[in-house]
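Asks: heads up, no residue letters with this:
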């Protein structure tokens, strides 16, 4: 297997062409590189969900997977006026909306994560991120009062937000969901799919890396022992995660389902230190790698069990 460092991949002609044509996304590219497979075989880069996806599948199925994930984006994106999520948000407090199986599934999973994280993960944070911050429709004070996942009503295939000006934002779960659904849809014996900080590798071993935002280098290099998803969250690139003050700078989660890893990495980052400790004690089946603001690192045994070799470069 030929091994490439993430610095080398950054300078390959394909990514450099993207950088030159869209300089505003340099930081997003660096986020993707956090989880790049270093075997560098047939992967292709696609623009998706406001960032970049890297897909490496056998049998020429890269474009098929991209088109499928694009169809998911068209349902879930709150930046697209024609999406089902945008329709739900427009009709908040007024009318329920019939949605596709995919939209219903991801909302159900999001509400489940909200329950097990004591509300640390909450897709109704859209009242803050969309209504107050982006569109300036309501004040921040008004928006905070509208964040409550318990006011999302599901009945059959219909979704209803119980109060006007509520809004759903799937930014903390949508990319992981798209990766997981593409894996289930494409059904290849092996492969690698990533969207920004969310990735899945299956059917093969790869050398993977996790970014260190403190040193601007690599925090961890590892070879996976089995199929896994990895998701990383932090507020060092853009202050987009709404949560409580804590001592973390980055969270990485390892698990078998990318929808879960994406949502939990967001949730754990948003928790207070005390809330996070309780959660980790009660959910030891989730692999966790925590990077603290002082540079110290914590990982549990479950995280180690996903890899046959780990090198920490802290």
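Replies: It's in. On a predicted model such as this, the values are computed, not experimentally measured, just so you know.
Asks: What separation do you get for residue 209 and residue 217?
Replies: Using C-beta to C-beta, to the nearest Å, residue 209 is found at 10 Å from residue 217. The way it works is simple: take the backbone N, C-alpha and C, and place the C-beta from them, glycine included.
Asks: Neighbour count: these two, which is higher?
Replies: residue 209 (21 against 13; other C-beta atoms under 10 Å).
Asks: Identify the residues contacting the most centrally placed residue in the chain.
Replies: Taking C-alpha atoms, centre = their mean, the centroid of the chain lies closest to residue 262, which sits 3.8 Å from it. Listed by C-beta atoms under 8 Å, 6 or more residues apart in numbering, the contact set of residue 262 reads 172-177, 179, 198, 231.
Asks: Lowest-confidence member of those residues, which is it?
Replies: Confidence by pLDDT is poorest for residue 172 among those, given 92.
Asks: ok, for it, nearest residue in space, not its chain neighbours?
Replies: residue 266 (3.7 Å; C-beta to C-beta, 6 or more residues apart in numbering).
Asks: what about the one you found, is that helix, strand or coil?
Replies: helix (DSSP: H, G, I helix; E, B strand; the rest coil).
Asks: Tell me how far it lies from residue 311.
Replies: From residue 266 to residue 311 the distance is 26 Å (C-beta to C-beta).
Asks: Who has more neighbours out of these two?
Replies: Just comparing residue 266 and residue 311: by other C-beta under 10 Å the higher neighbour count belongs to residue 266, 29 against 12.
Asks: ok, now which ones touch the more buried one?
Replies: So residue 266 contacts 121, 172-173, 233, 241 (C-beta under 8 Å, 6+ apart).
Asks: Could you rerun that using 6 Å?
Replies: Residue 266 makes contact with 121, 172, 233 under the criterion C-beta atoms under 6 Å, 6 or more residues apart in numbering.
Asks: residues contacting residue 200?
Replies: With C-beta under 6 Å, 6+ apart, residue 200 has these contacts: 179, 183, 193, 229, 258.
Asks: returning to that earlier point: confidence score at the residue nearest to the centre of the chain?
Replies: We have a pLDDT of 96 for residue 262.
Asks: got the phi/psi numbers for residue 117?
Replies: Backbone torsions of residue 117, given as degrees, to the nearest 10, read phi -110, psi 10.
Asks: Apologies, that question was intended for residue 306.
Replies: Torsion angles, degrees, to the nearest 10, at residue 306: phi -80, psi -10.
Asks: residue contacts, it?
Replies: Residue 306 makes contact with 228, 254, 287, according to C-beta under 6 Å, 6+ apart.
Asks: element containing residue 280?
Replies: helix 273-282 (DSSP states H and E).
Asks: May I see the buried residues of that helix?
Replies: 275-276, 279-280 (16 or more other C-beta atoms under 10 Å).
Asks: Which single one of the residues you listed is nearest to residue 69?
Replies: residue 279 (29.2 Å; C-beta to C-beta).
Asks: roughly how far apart are residue 267 and residue 167?
Replies: In terms of C-beta to C-beta, residue 267 sits 19 Å off from residue 167.
Asks: Poorly predicted segments of the stretch 1-150 of the chain, please.
Replies: 1-41 (pLDDT under 70).
Asks: 50 - rerun?
Replies: Scanning the stretch 1-150 of the chain for pLDDT under 50 picks out the ranges 1-40.
Asks: mind checking how far residue 215 is from residue 296?
Replies: 13 Å.
Asks: Which secondary structure state does the residue in the chain sticking out farthest from the centre sit in?
Replies: Distance from the centre of the chain peaks at residue 94, with 30.2 Å (C-alpha atoms, centre = their mean). Under three-state DSSP, the three-state class of residue 94 is coil.
Asks: just the strands in the protein please.
Replies: 44-48, 51-56, 97-98, 152-155, 158-161, 191-195, 198-202, 207-212, 217-224, 228-233, 248-255, 287-292, 297-299, 307-312 (DSSP state E).
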